[in-house]
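**Q** Below: sequence and its predicted model.
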Amino acid sequence: MRASAAVITIAVLGVAGAAAGPPASAARPSPHPGAVERTGTLSRALDAALTKATADSPGQGVQAVLLRHGRLVWSADRGTAVNNIHPAVPVDDSTLFNYGSFGKLLLGVFALHQVEEGRLHLDTPISTYVGDTVAGSRRITLRMLLSQTTGYDNVYADPQVIPLFPPGTEGAPPGTGPNRYRPDRPFTFAQLNAGIHRPAEPGARYEYQDTNFIVLLQVLVKRLGGRAAVQQQIARFFSGAGSVAPENGKQITQDRYARTTLRHFAHGYHPLADGLGLQDYNTAYGATGVPTDAFGFPFGDGSFAGTALGAAQVLDALFTRGKLLERATVDEMTQPTKQARAAGSTYGLATERTVVDGVTWQGHPGTFGGFTSSSYTDIGHGATLVVLTNRDDPSPTVSDRIWTSLAKAYASNRQ
């Protein structure tokens, strides 16, 4: 579940400036006194659950929010956004995190909007849009890309692609050197396309692969008139999510060069073996800004960064307020495919579901470059819970562990 570089800010709302915060280990209240609609028992339960879930990782950066029917019910910021400077930079409401594979849901929603508008078709071979430039394009459809049923292999494990990234990245075996990794040099689709080969039995089975969404972004680029046009249209589309009450000033972005991104983007940290500390993915290989494989083009598998409120706002607009897609499209999107069910998965079209203490949630997880994200909506009750972190640990994923603790508190105390 990776994510990478790009160009153009998606101001889902606006962007608030960074502010000095309290000690990094403390939960930071909303910068707008009285702005968060506190719900007594539920808020206290969420505060306690977050404190317990983060107790063993002091300093780890966390943003978390709970929305209900377009209103911000609860939020918390904890830990540090950037550790290895003095003084450390605390997480606040404006801190931007890499969304990782939550970006698949965002890109998928935008693609489904293009289907609704008649610009794309779910069951037409993608050769209609990309010609024969992508292997297997005459047998692959948009539906297969969105449902992870193409039969493509992991592009990041291909011998031609492995040297482009740091050791241990995605399919790269541990110990392989970053032979050609240059974190300040933009990536191209052609570099990734060299590792995309003829798919095996398209449509036959579900297999989660980042390759599918890399190809999806290329389909959009070709169909909608180029990278800049796609980014501009994505920005306009997600601005339709509208703001949530009573907050304002949050964002989702694809632009790693924007002044706002550089000012507010957290660093992602990965624990080193044998307790030797943390590796800062942003600086470990000499990046002078946000690494070019962090998010954005051409990485359709993880094109976005943003705040927890930005992510929650989109899910709320999609699943609760019905502002982004038609209801029939959302219903199709959230229905697990027969291939996914056969594999024991709940994946539909760019989204999956999970159940915690009897509550069913719909959304998508993500992880890359020291960041993890867990973003889901309880559609039945109009509640959206998002957790973002800048610390990764695969077993279990950091944000999933925290999110599950919060989801349990929500299930026990929702009103």
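**A** Ah, there it is. Worth saying up front: this structure is predicted, and the values here are computed from it rather than measured.
**Q** And for G40, the neighbour number?
**A** When neighbours are defined as other CB atoms under 10 Å, G40 has 9 of them. The C-beta positions use only the backbone N, C-alpha and C, and glycine is treated the same way.
**Q** Relative to H121, how far out is it?
**A** G40 is 49 Å from H121, where distance means CB to CB, to the nearest Å.
**Q** now S243
**A** According to CB to CB, S243 stands 33 Å off from H121.
**Q** Of those two, which one has the most company?
**A** When neighbours are counted by other CB under 10 Å, S243 comes out ahead of the other of S243 and H121, with 18 against 15.
**Q** Can you read off the pLDDT for the more buried one?
**A** What the model reports for S243 is a pLDDT of 81.
**Q** for the residue nearest to D393 when sequence neighbours are not counted, which residues make a bridge with it?
**A** Computed as CB to CB, 6 or more residues apart in numbering, the closest residue to D393 that is not its neighbour in sequence is P271, at 5.9 Å. With DSSP bridges as the criterion, the beta-bridge partners of P271 are L278.
**Q** burial count for P271?
**A** Around P271 sit 17 other residues, with neighbours defined as other CB under 10 Å.
**Q** OK, contacts around it?
**A** Under the criterion of CB atoms under 8 Å, 6 or more residues apart in numbering, the neighbours of P271 are 277-279, 391-393.
**Q** contacting residues around the residue nearest to D280 when sequence neighbours are not counted?
**A** Counting by CB to CB, 6+ apart, the nearest residue to D280 once its immediate chain neighbours are dropped is H267, at 5.1 Å. Listed by CB under 8 Å, 6+ apart, the contact partners of H267 are 81-84, 280-283, 370, 390.
**Q** Can you tell me which of those residues is closest to S101?
**A** G370 (14.3 Å; CB to CB).
**Q** pLDDT score assigned to the closest residue to the closest one other than its chain neighbours?
**A** Across the structure, with CB to CB, 6+ apart as the measure, the residue nearest G370 apart from its sequence neighbours is G268 (2.4 Å). pLDDT, the model's per-residue confidence, is 95 for G268.
**Q** How many neighbouring residues does G268 have?
**A** The local packing count at G268 equals 27, with neighbours defined by other CB under 10 Å.
**Q** Number the residues from 39 up from this point.
**A** Done: numbering now begins at 39, and the last item shifts to G306.
**Q** Just list the residues touching it, thanks.
**A** Contact partners of G306, counting by CB under 8 Å, 6+ apart, are 136, 318-320, 332, 406-409, 428-430.
**Q** what ranges of the stretch 239-388 of the chain fall below the confidence cut-off?
**A** Of all residues in the stretch 239-388 of the chain, those with pLDDT under 70 make up the ranges 286-287.
**Q** Let me see the ranges of the helices in the stretch 289-438 of the chain.
**A** Assignment of helices within the stretch 289-438 of the chain using DSSP state H, counting those that start in this stretch yields the ranges 297-302, 346-353, 365-372, 376-380, 436-451.
**Q** Reformat those into JSON lines and put distance to G401 and mean neighbour count next to each item.
**A** JSON lines is the format used below for those (distance: least, CB to CB, whole Å; neighbours: other CB atoms under 10 Å):
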{"stretch": "helix 297-302", "distance to G401": "23", "mean neighbour count": "17"}
{"stretch": "helix 346-353", "distance to G401": "6", "mean neighbour count": "30"}
{"stretch": "helix 365-372", "distance to G401": "10", "mean neighbour count": "16"}
{"stretch": "helix 376-380", "distance to G401": "15", "mean neighbour count": "15"}
{"stretch": "helix 436-451", "distance to G401": "10", "mean neighbour count": "22"}
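**Q** hang on, V193 packs against D248?
**A** Yes - look at V193 against D248 with CB atoms under 8 Å: they come within range, at 6.7 Å.
**Q** circling back to that earlier point, nearest to T187, of the contacts of P309?
**A** When the contacts of P309 are ranked by distance to T187 (CB to CB), D430 comes first, at 27.5 Å.
**Q** which residues sit in contact with that closest one?
**A** D430 is in contact with 306-309, 405, 407-410, 436, counting by CB under 8 Å, 6+ apart.
**Q** just F342 next, same as before
**A** For F342, the contacting residues are 41, 48, 137, 140-141, 144-145, 290-292, 333-334, taking CB under 8 Å, 6+ apart as the criterion.
**Q** immediately after the helix or strand hosting A149, which helix or strand?
**A** Element membership for A149, per DSSP states H and E: helix 140-154. Tracing the chain C-terminally past helix 140-154 and defining elements by DSSP H and E, one meets helix 165-168 next.
**Q** Pull the distance from that next one to the chain's centre.
**A** A distance of 27 Å separates the C-alpha centroid of helix 165-168 from that of its chain, computed with CA atoms, centre = their mean, to the nearest Å.
**Q** can you list contacts of the following helix or strand past that helix?
**A** Proceeding C-terminally, helix 165-168 gives way to helix 180-185 as the next helix or strand, assigned by DSSP H and E. If you take CB under 8 Å, 6+ apart as the criterion, helix 180-185 is touched by 146, 149-150, 153, 158-162, 164, 187-188, 240-241, 244, 250-251, 253-254, 257, 375, 377-378, 385-388.
**Q** Now do the biggest strand by length in the chain: distance to the chain's middle.
**A** Counting residues, the longest strand found in the chain (DSSP state E) is strand 397-406. Centroid displacement of strand 397-406 relative to its chain, using CA atoms, centre = their mean, is 9 Å.
**Q** List the strands paired with it, with their directions.
**A** Neighbouring strands of strand 397-406 in its sheet, by DSSP bridges, are strand 390-394 (antiparallel), strand 409-416 (antiparallel).
**Q** on that earlier part again, give me the buried entries from the contacts of H305.
**A** Burial by neighbour count, 16 or more other CB atoms under 10 Å: within those this picks out 119-121, 318-320, 408, 428.
**Q** Which one of these is nearest to L110?
**A** A119 (20.5 Å).
**Q** Give the pairing partners of the helix or strand where that closest one lies; include direction for each.
**A** Using DSSP H and E, the element containing A119 is strand 118-120. Strand pairing for strand 118-120, determined by DSSP bridges: strand 127-128 (antiparallel).
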